[in-house]
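1. Test case, fold it:
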Amino acid sequence: MWAGLNEVAAEQSELQRAAEPVNRFRDLIIAALGTGRAHVGSADTGGLPAADQKKWGWAPEGYEWRARGECIGWITAQGELYLEPDVSYAVTSRIGPISVSAETLSARMADAAVTVGEREGKRRRHRPKRQAGGVRRRVLHIRSLDWLYPQERGASGATTEKDEVSHDVGAVPL
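-> So this is what the prediction gives:
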């Protein structure tokens with residue numbers, strides 16, 4: 001009986017984790033980037049990112065790279081990811097439901113330490129201003145790319161061969 005209860009509890013835990021809005025948003029972003037419904041541009045130019053173009057929703061077309069889908073954010077040369085809050089929420093919501101509003105999602109991401117917040121006087125901002133695509137705008141500043149693309153590690157902490165991320169020739173790893 002205990003084994004059956006433990007199994008049901010584990011399944012329920014997995015269902016709750018999948019339904020949790022921050023994880024759900026992450027999964028939907030990955031789906032949007034992978035299916036061509038969204039892309040991430042360079043924070044400096046708004047165009048092609050310096051590295052991992054396919055991972056960020058770009059596809060080779062002849063000798064050029066083409067952005068796929070809507071722009072949901074920007075990546076800096078230092079590997080910092082800025083998501084456009086309303087567009088990334090709208091794009092992901094078209095793929096699957098998120099159980100909270102965009103504003104509540106921003107707060108939950110900050111509470112979970114997924115995003116970088118800042119204080120303006122006595123007020124806490126979940127969407128700090130950053131320079132992205134040539135414009136200063138309010139964004140979801142993702143604290144670590146590991147949130148979006150976590151690397152599984154073995155018991156020793158070493159990355160296994162299957163976990164290695166392939167990079168385009170000449171690209172700088174993030």
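
2. quick one: the strands in the chain?
-> Ranges of strands in the chain, per DSSP state E, are 38-42, 58-61, 64-67, 70-75, 81-83, 115-116, 118-120, 123-125, 129-132, 135-138, 140-142.

3. a markdown table for these, including mean neighbour count?
-> Every residue, glycine included, has its C-beta placed from N, CA and C. As requested, the strands of the chain are exported to a markdown table (neighbours: other Cβ atoms under 10 Å):
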| stretch | mean neighbour count |
| --- | --- |
| strand 38-42 | 23 |
| strand 58-61 | 14 |
| strand 64-67 | 15 |
| strand 70-75 | 23 |
| strand 81-83 | 26 |
| strand 115-116 | 22 |
| strand 118-120 | 10 |
| strand 123-125 | 11 |
| strand 129-132 | 18 |
| strand 135-138 | 13 |
| strand 140-142 | 24 |
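
4. So which of these is nearest residue 90?
-> Residue 90 sits nearest to strand 70-75 of all the strands of the chain, at 8.2 Å, using Cβ to Cβ.

5. ok, the closest one: who's next to it in the sheet?
-> In the sheet, strand 70-75 lines up against strand 38-42 (parallel), strand 81-83 (antiparallel) (DSSP bridges).

6. just how off-centre is it within its chain?
-> 10 Å (Cα atoms, centre = their mean, to the nearest Å).
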